[in-house]
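> pasting the sequence and the predicted coordinates here, then a few questions.
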Amino acid sequence: MTTTPRLYRKPISRFWWVRRRSYLIFVLRELSSLFVAWFVVYLLLLVNAVSSGSEQYQRFLNWSAGPGVLALNLIALLFVLMHTVTWFNLAPKAMVVHVRSRPVAPVVVLGLHYLLWGLLTVIVLLVVLR
């Protein structure tokens with residue numbers, strides 16, 4: 001009867017990713033996609049409520065004003081903002097833009113992303129607050 005040696009494997013904590021900042025940010029960014037999905041579902045529920053008449057819309061508003069939904073939306077907003085910032089910071093690495101056969105500096109690509117984001121935010125605010 002022969003026995004095969006068993007390799008020793010050091011136990012690893014389930015929260016190994018918390019110890020390093022880069023791993024923590026990576027895991028939180030991946031988790032943020034769930035909150036992006038929540039905002040899509042929330043928007044679809046809103047569109048459905050609006051298209052179903054004023055009574056359904058009012059019921060949706062009352063449900064949305066509940067502390068649980070407000071807390072979820074606030075947490076989701078923070079995660080979606082983090083998702084956006086990390087995605088924008090990745091953009092210059094993911095795409096190389098050429099103008100007249102010369103690459104555009106990564107800081108310009110990053111700056112234009114944030115500039116357009118700010119411009120679109122101002123336009124949406126003007127439309128909403130009008």
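Alright, I've got the coordinates.

> give me the neighbour count for Ala91.
Ala91: 14 surrounding residues under other Cβ atoms under 10 Å. (C-beta placed from N, C-alpha, C; glycine too.)

> now the residue lying closest to it once chain neighbours are set aside, what's its secondary structure?
Distances taken as Cβ to Cβ, 6 or more residues apart in numbering put His113 closest to Ala91, at 5.6 Å, once the chain neighbours are dropped. When classified by DSSP: H, G, I helix; E, B strand; the rest coil, His113 comes out as helix.

> I figured His113 hits Phe88, correct?
Yes: counting by Cβ atoms under 8 Å, His113 touches Phe88, with 4.5 Å between them.

> which pLDDT does the model give the residue nearest to Ala91?
Per-residue pLDDT puts His113 at 93.

> how about Ser54?
In this model, Ser54 is scored at 95, pLDDT.

> before we move on, what about Lys93?
For Lys93, the pLDDT comes out at 89.

> now for it: which residues touch it?
Pro106 (Cβ atoms under 8 Å, 6 or more residues apart in numbering).

> which helix or which strand is home to it?
Assigned by DSSP states H and E, Lys93 belongs to helix 67-94.

> pull up the pairing partners for the following helix or strand past that helix, direction included.
For helix 67-94, the succeeding helix or strand toward the C-terminus, using DSSP H and E, is strand 98-99. When sheet partners are counted by DSSP bridges, strand 98-99 sits next to strand 102-103 (antiparallel).

> and the strand it pairs with, what's its mean pLDDT?
Strand 102-103 shows a mean pLDDT of 91.

> which residues sit against it?
Val96, Val97.

> ok, now stretch 119-130?
Residues from elsewhere that reach stretch 119-130 (Cβ under 8 Å, 6+ apart): none.

> again with stretch 20-37
Contacts of stretch 20-37 (Cβ under 8 Å, 6+ apart): Trp16, Trp17, Val18, Ile75, Ala76, Phe79, Val80, Met82, His83, Thr86.
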